[in-house]
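Enquirer: 3D model of this:
(chains A, B, C and D)
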Number of protein chains: 2
Amino acid sequence: MADSPESAPPEPCTCSALRRATRAVTTVYDAALRPVGLRVTQFAILRLLERLGPTPVTRLAAEAALERTTMGRNLEPLERRGLVRIAAGQADARERVAVLTEAGRDAVATAMPYWRDAQTRINARVEPGSVAALAQALTSAAS
Amino acid sequence: MADSPESAPPEPCTCSALRRATRAVTTVYDAALRPVGLRVTQFAILRLLERLGPTPVTRLAAEAALERTTMGRNLEPLERRGLVRIAAGQADARERVAVLTEAGRDAVATAMPYWRDAQTRINARVEPGSVAALAQALTSAAS
DNA sequence: CCGGGAAACGTGCATATACACGCTTCGTGA
DNA sequence: TCACGAAGCGTGTATATGCACGTTTCCCGG
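Expert: As a prediction, the model looks like this:
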């Protein structure tokens, strides 16, 4: 008898809300990048590689806060398309070093304006800083 | 000669930051729900079904802001485990109505405290309202 | 120099997500 | 009533994500 059948709405799940927002945003970016044939995930990896230079998979994953095996898998379509090359480690034979190819560099350059477009549109809807803060506060939440 | 080689860091991608945060948060929730054998995605669907009652797939997808076929696919593991039952539409033979079973209702009840734990921990790191606002502002961003 | 723990990876498996197509069923206007 | 556009779905295909396990290679202490 505490509350009537249809009293208060259930507390929304923070995670689900976040996932929902991410889906929507991802759709916008993916649609924008469509003409280039890249997804935002792939674009991000290429940009990361451009910034870091040749990088072993494990470190690349750490930089992106991605599970190691996920990064490995995400590199596959990029390698198939010749945007990334995977080389064996020089000093360490265990390492597999991801290298941005010329085609990959070109792809980033070509995609940039399309990304910019989506970025501008989304940033108009939210404080870019708030998302950054959110990511900052949550990225290492796996306590 | 505008800027030196390693001058300003590139503007961070809002989408990638958001995806990153979502991955981290999802990991926390999934880990918390692990003992129950549910993922946060599945938990969310079950809760949604509990709130809406028997609902056709398309409407369920709309409620969750999920792609229709994605919702259909996401229901499969739940149906296999007997937490959800898919019935043919009564009035409309085209419809496939998702129904929460008793086992499904029990699963939600069992999972609740585990979810609560993750929810509390995450909400301690961010303003729950800010995420809600973010979701609100972005969910229908596919202009 | 060698034996064993640790580091860097790959694979198998299961989900999550979305787009492009194609099929079936509904409802409605002519 | 009947052809036809629309609504509700499923399937095929491709990526994204992460966990559990197993393998190879390093490196270091004895």
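
Enquirer: alpha carbons only for contacts and neighbour counts from here, please
Expert: Fine.

Enquirer: Check the residue nearest to A:T110 when sequence neighbours are not counted and give its pLDDT.
Expert: Of all residues not flanking A:T110 in the chain, A:V36 sits nearest, at 7.3 Å (Cα to Cα, 6 or more residues apart in numbering or on different chains). With respect to pLDDT, A:V36 scores 97.

Enquirer: With A:A62 instead?
Expert: pLDDT, A:A62: 97.

Enquirer: what's the answer for the one 4 residues further on, then?
Expert: On pLDDT, A:L66 comes in at 97.

Enquirer: For it, which three-state class applies?
Expert: coil (DSSP: H, G, I helix; E, B strand; the rest coil).

Enquirer: ok, now which ones touch the residue nearest to A:T110?
Expert: Contact partners of A:V36, counting by Cα atoms under 8 Å, 6 or more residues apart in numbering or on different chains, are A:A107, A:T110, A:A111.

Enquirer: Quick check: of the residues you listed, which has the highest neighbour count?
Expert: A:A111 (21 neighbours; other Cα atoms under 10 Å in any protein chain shown).

Enquirer: can I assume it sits in a helix?
Expert: Yes. Using three-state DSSP, the assignment for A:A111 is a helix.

Enquirer: quick one on the thing from earlier: pick the one among the contacts of A:V36 closest to chain B.
Expert: The nearest member of the contacts of A:V36 to chain B, counting by Cα to the nearest Cα, is A:A111 at 13.0 Å.

Enquirer: what about the residue most central in space within chain A, helix or strand, and which?
Expert: Centroid-nearest residue in chain A: A:T41, 4.1 Å away (criterion: Cα atoms, centre = their mean). Using DSSP states H and E, A:T41 sits within helix A:40-52.

Enquirer: Can you name the residues of chain A sitting close to DNA strand C?
Expert: A:19-20, A:23-24, A:27, A:31, A:56-59, A:69, A:72, A:94-97 (Cα under 7 Å from any atom of the strand).

Enquirer: could you redo the last one with a cut-off of 6 Å?
Expert: A:R19, A:R23, A:T27, A:P56, A:V57, A:T58, A:T69, A:G72, A:R94, A:E95, A:R96, A:V97 (Cα under 6 Å from any atom of the strand).

Enquirer: so who does the last one touch?
Expert: What it means is A:V97. A:V97 is in contact with A:P54, A:T55, A:P56, A:V57, A:I86, A:A87, A:A88, A:G89, counting by Cα under 8 Å, 6+ apart.

Enquirer: Quick check on the last one: phi, psi?
Expert: The reference is to A:G89. phi -60, psi 140 (degrees, to the nearest 10).

Enquirer: How about it: what's its closest non-neighbour residue?
Expert: Excluding the flanking residues, the one nearest A:G89 by Cα to Cα, 6+ apart is A:E95, at 4.7 Å.

Enquirer: residues touching the residue lying closest to A:R94 once chain neighbours are set aside, list them.
Expert: Excluding its sequence neighbours, the residue lying closest to A:R94 (Cα to Cα, 6+ apart) is A:A88, at 7.7 Å. By Cα under 8 Å, 6+ apart, A:A88 lies in contact with A:R94, A:E95, A:R96, A:V97.

Enquirer: If we check DNA strand D, which of those residues are in contact?
Expert: Answer for those near DNA strand D (Cα under 6 Å from any atom of the strand): A:R94.

Enquirer: returning to what we had before: identify, from the contacts of A:V36, the entry nearest to A:G129.
Expert: A:A111 (23.5 Å; Cα to Cα).

Enquirer: my read: the closest one touches A:R34, true?
Expert: No. Using Cα atoms under 8 Å, A:A111 makes no contact with A:R34, being 9.3 Å away.

Enquirer: A:R85: helix or strand, and which one exactly?
Expert: strand A:84-88.

Enquirer: the inter-axis angle of the helix or strand following that strand versus helix A:40-52?
Expert: Where DSSP H and E defines the elements, the next helix or strand beyond strand A:84-88 is strand A:96-100. Counting by axes from the mean of the first three to the mean of the last three Cα atoms, to 10 degrees, strand A:96-100 lies at 90 degrees to helix A:40-52.

Enquirer: Tell me the strands beside the strand holding A:R85, with direction?
Expert: Strand A:84-88 sits in its sheet next to strand A:96-100 (antiparallel), going by DSSP bridges.

Enquirer: avg pLDDT for the partner strand?
Expert: pLDDT averaged over strand A:96-100 gives 98.

Enquirer: ok now it, how far from the chain's centre?
Expert: Relative to its chain's centre, strand A:96-100 lies at 18 Å (Cα atoms, centre = their mean, to the nearest Å).
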